[in-house]
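Enquirer: I'd like to go over a predicted model; first the sequence, then the structure.
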Amino acid sequence: MNHLELKEFLDEKVLLYNHPKFIESDPIQIPHLYTLKEDIEIAGFLTATISWGNRKMIINNSQKLMAKLGNSPYDFVMNHNENDLEKVSDFVHRTFNGNDCIAFIKALKNIYQYHNGLESVFSKDIKINTVQQNISNFKTVFFEIHHDYRTQKHISDPMNNSAAKRINMFLRWMVRNDNSGVDLGIWNSISPAQLSCPLDVHSGNVARKLGLLTRKQNDAKALFELDSNLQKLDKNDPVKYDFALFGLGVFEGF
């Protein structure tokens, strides 16, 4: 396919998958349960954090975690006591365990109490064309309080050559206002043009088949290559093509 044909093909797939029915089988349904900005942010962040593995298991475990937080994640984060933390101490999703969960809750409280919330941290001193340095800065702020070293592995760092798939997905959820009711679009301090594609096995394989990606590893260098090519298709909203790449890979076996 030439450039125009590729754009038309992917634009059609975006229309197909960037649709409310997408929510039914996707972890994005968890932050959609809430209306308060802070609830949406925290539910989205925690859900994105455990978004690896079987999608049904991700959704089920995210629902269980929200229930442990009293289905009021912001209130729990800001007002919990040590007895409340016992409620999440037995939470497990793959390698993310109760100790990690407690550390995340304490780190989130620190961010809302002393850094004006998640949006403020992610958007601070943002560069014109990318949020990748901001993700790295966010990790530093997130873990400025006492924590077990092992917990750090649950937040990726692009400056260590990670594609940071889960955080890029979370940022897509928060930033894109797609007028389709899928991405939540509650943050205005970051532009969709600054986002990076949540690069994973599915989107990476499809991107390679379509000639959008040549690098074999799904790392930060590959993400830069993919982002650059997606920006040529739509400079204002390149990450919308995540729907096309993911849908082609997961639902169509492309």
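Expert: Sure thing, it's come through.
Enquirer: give the contact list for Q29.
Expert: Going by Cβ atoms under 8 Å, 6 or more residues apart in numbering, Q29 touches 23, 59. C-beta coordinates here come from the backbone N, C-alpha and C atoms, glycine included.
Enquirer: what does the one 5 residues further on give?
Expert: Y34 makes contacts with 40, 43, 73, as judged by Cβ under 8 Å, 6+ apart.
Enquirer: how about A43?
Expert: When contacts are counted by Cβ under 8 Å, 6+ apart, A43 touches 30-31, 33-34, 62, 66, 73.
Enquirer: Serialize the residues you listed to JSON lines and add fields for distance to I167 and pLDDT.
Expert: What follows is the contacts of A43, written out as JSON lines (distance: Cβ to Cβ, whole Å; pLDDT from 0 to 100):
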{"residue": "I30", "distance to I167": "16", "pLDDT": "98"}
{"residue": "P31", "distance to I167": "14", "pLDDT": "98"}
{"residue": "L33", "distance to I167": "21", "pLDDT": "98"}
{"residue": "Y34", "distance to I167": "20", "pLDDT": "98"}
{"residue": "S62", "distance to I167": "16", "pLDDT": "98"}
{"residue": "M66", "distance to I167": "19", "pLDDT": "98"}
{"residue": "P73", "distance to I167": "18", "pLDDT": "98"}
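Enquirer: which of those residues lies closest to N18?
Expert: P31 (16.4 Å; Cβ to Cβ).
Enquirer: which residue packs closest to the closest one, ignoring adjacent ones?
Expert: Nearest residue to P31 in three dimensions, chain neighbours excluded: G44, at 3.7 Å (Cβ to Cβ, 6 or more residues apart in numbering).
Enquirer: my guess is the one you found contacts M174. True?
Expert: Yes: counting by Cβ atoms under 8 Å, M174 is a contact partner of G44 at 6.4 Å.
Enquirer: so what sits against both of the two?
Expert: L184.
Enquirer: R150: how many residues sit nearby?
Expert: 12 (other Cβ atoms under 10 Å).
Enquirer: got a list of what the nearest residue to it once chain neighbours are set aside touches?
Expert: Leaving aside its sequence neighbours, R150 sits nearest to D100 (Cβ to Cβ, 6+ apart; 7.6 Å). Going by Cβ under 8 Å, 6+ apart, D100 touches 148, 150-151, 154.
Enquirer: now, these that are in helices?
Expert: Of those, none are assigned to helices by DSSP state H.
Enquirer: distance check, the residue nearest to P31 against R208.
Expert: Distance, G44 to R208, by Cβ to Cβ, to the nearest Å: 29 Å.
Enquirer: so which of those two has more stuff around it?
Expert: G44 (26 against 15).
Enquirer: what helix or strand is that one on?
Expert: Using DSSP states H and E, G44 maps to helix 37-49.
Enquirer: what's the answer for S196, then?
Expert: Counting by DSSP H and E, S196 is found in no helix or strand.
Enquirer: my guess is it contacts N129, does it?
Expert: No: S196 is beyond contact range of N129, at 10.2 Å (criterion: Cβ under 8 Å).
Enquirer: the two: which has the busier surroundings?
Expert: S196 (27 against 12).
Enquirer: residue contacts, that one?
Expert: S196 touches 130-132, 164, 168, 171, 223, 227, 239, counting by Cβ under 8 Å, 6+ apart.
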